[in-house]
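Trainee: One predicted model, sequence on top.
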Amino acid sequence: MTFWRFMPEEGYNAPEGSKERKDGQDMLWFIWSNENSPVYGKAKMATFERYFIRDEKLRKEQKNIYYQLIEKEEVLNRILEEFGLPTQGSHIINGHMPVQLLKGQKPVYCDGKLLIIDGGFAKAYQKETGIAGYTLVYNSYGLRLVAHEPFESTEAAIEKESDIHSETTIVEQVLRRRSVGDTDVGRDLKSQIADLEKLLQAYRDGTILETGMI
């Protein structure tokens with residue numbers, strides 16, 4: 001993962017005209033659109049076909065096996081373990097994957113272990129998805145997935161006195177509200193507090209002498 005992140009950054013940050021910059025730009029193109037890219041997930045990029053060819057078959061972007069495997073909990077558990085995360089209480093969040101509700105697709109897999117939060121906020125996708133995208137809401141009470149209805153126009157909203165309607169699905173609800181102490185930042189703060197308490201004790205018992213004191 002470090003390699004796939006470092007190389008595209010070189011395409012932007014490396015000096016103009018350098019081999020590193022060109023290699024980084026080539027790598028960015030590869031991971032964005034190549035069928036062998038670990039992050040692209042499709043057999044081809046069919047932008048050209050969608051612009052100029054009417055045949056729907058030629059415009060189809062065939063998804064790879066990942067889109068089938070995400071329905072298997074054991075596969076999701078292996079992914080979480082690869083990142084050093086517990087299989088219980090952890091979530092995989094996918095974006096940029098329009099959820100076609102009209103065709104029976106769903107945004108939640110394996111009891112909330114995997115969530116897809118891109119339902120097609122862009123108008124171009126709304127005829128296929130049937131909605132205007134998802135918002136993932138996380139707070140001390142738990143995790144919620146909010147589906148938004150398409151927004152017609154500002155004029156229609158004023159004339160009809162309507163607003164964007166949303167439907168909320170509770171993915172995870174905690175029995176005890178999470179506090180800052182339950183987060184990664186909270187654990188770091190606790191560690192800093194423990195270090196400061198040890199330092200204070202060292203001054204009190206004379207292990208460390210204050211400057212200017214004998």
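Mentor: The structure has been received and is ready for your questions.
Trainee: C-alpha from now on. contacts and neighbour counts both.
Mentor: OK.
Trainee: Quick check: closest non-adjacent residue to T168.
Mentor: Nearest residue to T168 in three dimensions, chain neighbours excluded: V146, at 4.4 Å (C-alpha to C-alpha, 6 or more residues apart in numbering).
Trainee: And the contacts of the helix or strand containing that neighbour?
Mentor: V146 belongs to strand 142-148 when assigned by DSSP states H and E. Residues outside strand 142-148 that contact it (C-alpha atoms under 8 Å, 6 or more residues apart in numbering): 117, 119, 131-138, 164-174, 177.
Trainee: before we move on, what about stretch 158-173?
Mentor: 111-112, 141-151, 156-157.
Trainee: ditto for stretch 110-119
Mentor: 70-73, 76, 89-100, 107-109, 129, 131-136, 145, 147, 171-172.
Trainee: residue ranges with poor pLDDT in the chain?
Mentor: 1, 102, 119-130, 151-152, 162-164, 212-214 (pLDDT under 70).
Trainee: top helix in it by residue count?
Mentor: helix 184-204 (DSSP state H).
Trainee: any idea how far that one is from the chain center?
Mentor: 33 Å (C-alpha atoms, centre = their mean, to the nearest Å).
Trainee: tell me the two of the contacts of stretch 158-173 that are most distant?
Mentor: The span of these, defined through C-alpha to C-alpha, is set by D111 and A156 at 37.6 Å.
Trainee: secondary structure element for I208?
Mentor: Counting by DSSP H and E, I208 is part of no helix or strand.
Trainee: Which residues are in contact with it?
Mentor: Applying C-alpha under 8 Å, 6+ apart, we find I208 in contact with A202.
Trainee: just the CA coordinates of the strand holding V146, formatted as PDB?
Mentor: Extracted C-alpha coordinates of strand 142-148, given in PDB (Å, rounded to 0.1, in the frame of the first residue of the first chain):
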ATOM      1  CA  GLY A 142     -23.100   4.500  16.600                       C
ATOM      2  CA  LEU A 143     -23.100   4.300  12.800                       C
ATOM      3  CA  ARG A 144     -25.900   5.400  10.400                       C
ATOM      4  CA  LEU A 145     -26.200   5.200   6.700                       C
ATOM      5  CA  VAL A 146     -28.400   8.000   5.200                       C
ATOM      6  CA  ALA A 147     -29.900   7.600   1.700                       C
ATOM      7  CA  HIS A 148     -30.900  10.800  -0.100                       C
END
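Trainee: E210 - how many residues pack around it?
Mentor: E210: 10 surrounding residues under other C-alpha atoms under 10 Å.
Trainee: Give me the nearest residue to it, chain neighbours excluded.
Mentor: Leaving aside its sequence neighbours, E210 sits nearest to Y203 (C-alpha to C-alpha, 6+ apart; 7.2 Å).
Trainee: what does E81 give?
Mentor: According to C-alpha to C-alpha, 6+ apart, the nearest residue to E81 is T87 (6.9 Å).
Trainee: Double-check that neighbour against N77; I have them as touching.
Mentor: Yes: at 5.4 Å, T87 and N77 qualify as touching, with contact defined as C-alpha atoms under 8 Å.
Trainee: how does the chain divide into domains?
Mentor: The record's domain split for the chain, according to automatic domain parsing, is 1-64, 85-178, 179-214.
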